[in-house]
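> Predicted model follows, preceded by the sequence.
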Amino acid sequence: MENEFVIKDYTFRKSHKFHQHYAITDDLILETLTRQYDYIKDSLEHNVFNITVTHDFSHVIGVTHCVECPPHHDGVYFKRRGKRPYLTRMVKGIQPKESSKCTIVVRFDSTTGGFVIITAWIGNPSKPELGNINYFETCNDPLKEVMESAEFWLNHAMIDEETEKES
């Protein structure tokens, strides 16, 4: 697994906290960043330093573990995933959905002049989890971001990747 990619003018390196979803490959990361390079550069020129990019490969590349899940769903539970200091809304009884999209979150690092890859997953963009206080502290309008996150995560949940891999 590579730790960094050079694309045109920038280096993209995986964060030491990079969450490697088991179906994400370096090839998916490289192609997504390459195809979305103009969007990333444009975001940077507009002083947006936390950037989420999604690339549609036009064919199924895997399954997404973030699924629609209404409030009060019977299979909802909460679990600490990895080293996260907060609990994630999880669900049992809903199957992962096939997806043609790869989403990556990058952050511009002004000390190196490059980007740090925070996370990557198969599927559509999502909102940061409510427990991700570090994210909200860096937003221009934290209250708005918290409200959007709450609305998203009240209607979505994660399927446990470990459980899904074992089945």
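Right, received. Where do you want to start? Residues are numbered from 1 along each chain as shown.
> Quick check: next helix or strand after the longest strand belonging to the chain?
Of all the segments of type strand in the chain, defined by DSSP state E, the longest one is strand 10-20. The helix or strand immediately downstream of strand 10-20 is helix 26-35, counting by DSSP states H and E.
> now for that following helix, which elements pack on it?
Under the contact definition 3 or more Cβ pairs under 8 Å, 6 or more residues apart in numbering; DSSP states H and E, helix 26-35 sits against strand 4-7, strand 50-56, strand 101-109, strand 114-122. Quick note: C-beta positions are derived from backbone N, CA and C, even for glycine.
> Identify the residues contacting it?
When contacts are defined by Cβ atoms under 8 Å, 6 or more residues apart in numbering, helix 26-35 is touched by residues 1-2, 5, 7, 12, 40, 53-55, 57, 61, 102-104, 106, 117, 120, 122.
> Check stretch 38-47 too.
Here stretch 38-47 makes contact (Cβ under 8 Å, 6+ apart) with D9, Y10, L33, I51, V53, V106, F108, F115.
> which of those has the weakest pLDDT?
Least confident entry in the contacts of stretch 38-47, by pLDDT: D9, with 87.
> contacting residues for that residue?
With the criterion set at Cβ under 8 Å, 6+ apart, D9 makes contact with K41.
> Over to the one 5 residues further on?
K14 makes contact with E2, N3, E4, V116, I117 under the criterion Cβ under 8 Å, 6+ apart.
> Look at it and report its pLDDT.
At K14, pLDDT is 92.
> gap between it and H46?
As for K14, its distance to H46 is 25 Å (criterion: Cβ to Cβ, to the nearest Å).
> That concludes my questions; thank you for your assistance.
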